[in-house]
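Engineer: Mind folding the following:
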Amino acid sequence: MNPRMMVVDLDEAKVIASFPTLGSVAAYASHAGSAFGWANQRVPGLVEIVASGVTVDAGSKSVTKGMPHILTQRFEAPLPTHFVSHDKWVVSFNDGDGSFDYLLEPTLGDSRVITRRATSGRKHHGVAVIAHGNVFASLPDPNDVNAALPVGVTQRRIATPDAVVATNDQCPGLHGEGGSDDLVAFGCSDGVLVAEWKNGDFAFRKLPNPGDAPAGRRVGTVRLDDASDRIVGNWGTGIVIIDHTVSPATWTPVDFGVANMAFYVARGGQHVLALDGNGALRRIDARTGAAVGAPLPLIPAWAPPAGTSPPRPALTLGEGKAFVTDPRAGVVVEVDLATWTKQRTITTGGQPNSVAAFGRAQVP
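Structural biologist: Sure, this is the predicted structure:
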């Protein structure tokens, strides 16, 4: 089957646009209210931007719905992989040469889109993020030119992204990033590296794995929310909630007893929402790790035959909603978070294995 990206109108619960793509798509959005979706095609090396076609008049609040369309603005680079959005900036890191592209999303649609490319130095599986006018870019291993994973981060100013102002190399096997108002966090093979905004600049601090962590256990995916002072990471067959406001930091593991397929911190920072291998959505208190209600069954359990890697289910969050794809059935399942109930099952066809919720642009 040739890869495509589809746009679903949630008012009509149907696919209203379908665009052929050159490669398999990883779908992203900077936030659920954004007017733009981002289609990352690692191979052949392309990131396309889809405009929702929906606008809201700031005065009358009237909604105008046009057709979704692909913008002429795009990124082209070798192996774009990690996509990060923070402080209204979108950053795409290109594993093939270690460069990264960044764009100020509110300028999309303007006569002058603010965008730039910089480099981390050489190819690796890296990441970059922007916070408080600073760019953090992963630091490739200086002792092994063939190492895929970086060993730390460099800090630069957004106006001069090729000039390094600070370096921290205490994050071996760096993978995963999350950002909130005053904190950026990176997953390491032996803990979490944080950069905290203090007195007009960032200060680095390492949060080492707890002493009783099982061998090989690590954080490789990081989630934060502006309204929460907790860091949430993957942890074996579950998650770990890290309180970095105390010293030493406290780590609260939450084991699902089944695979952790995907997880996010819900807007407002109160809950973590996770899709487990049984096909159920879990709601967890983002401070204590306690379960909030029973898991909500949505799709059949995920149990692909050994030695295979078929398209897998995906999770994303919208405004008061969660959406889970089932590529086996060609559907997207909607959840209402306020009532914690399964809502519509929307047929898309194909094998949807990546999903992002995006919506309305406000007209000034």
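
Engineer: quick one, what contacts the nearest residue to residue 18 once chain neighbours are set aside?
Structural biologist: In space, and not counting its chain neighbours, residue 18 is closest to residue 6: 4.8 Å by C-beta to C-beta, 6 or more residues apart in numbering. Placement of C-beta: from N, CA and C, glycine included. Residues counted as contacts of residue 6 (C-beta atoms under 8 Å, 6 or more residues apart in numbering) are 15, 17-19, 348-350, 352.

Engineer: now with 6 Å?
Structural biologist: Taking C-beta atoms under 6 Å, 6 or more residues apart in numbering, we find residue 6 in contact with 15, 18, 348.

Engineer: got the residues you listed as CSV, with neighbour count and distance to residue 98 columns?
Structural biologist: CSV is the format used below for the contacts of residue 6 (neighbours: other C-beta atoms under 10 Å; distance: C-beta to C-beta, whole Å):
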residue, neighbour count, distance to residue 98
15, 17, 37
18, 13, 34
348, 21, 35
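
Engineer: Report the buried residues of the helix or strand harbouring residue 333.
Structural biologist: Element membership of residue 333, judged by DSSP states H and E, is strand 331-336. Residues of strand 331-336 classed as buried: 331-335 (neighbour count, 16 or more other C-beta atoms under 10 Å).

Engineer: Next secondary structure after it?
Structural biologist: strand 341-347.

Engineer: List the buried residues in that next one.
Structural biologist: Those would be 342, 346, for strand 341-347 by 16+ other C-beta under 10 Å.

Engineer: strands paired with that strand, and their directions?
Structural biologist: strand 331-336 (antiparallel) (DSSP bridges).

Engineer: For the partner strand, output the C-alpha coordinates as PDB.
Structural biologist: C-alpha atoms of strand 331-336 as PDB (Å, rounded to 0.1, in the frame of the first residue of the first chain):
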ATOM      1  CA  VAL A 331      -9.900   3.100  12.400                       C
ATOM      2  CA  VAL A 332      -9.400   5.900  14.900                       C
ATOM      3  CA  VAL A 333     -11.100   5.600  18.300                       C
ATOM      4  CA  GLU A 334     -12.200   8.800  20.200                       C
ATOM      5  CA  VAL A 335     -12.300   9.100  23.900                       C
ATOM      6  CA  ASP A 336     -14.000  11.900  25.900                       C
END
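
Engineer: what is the mean pLDDT for it?
Structural biologist: Here strand 331-336 scores 98 as its mean pLDDT.
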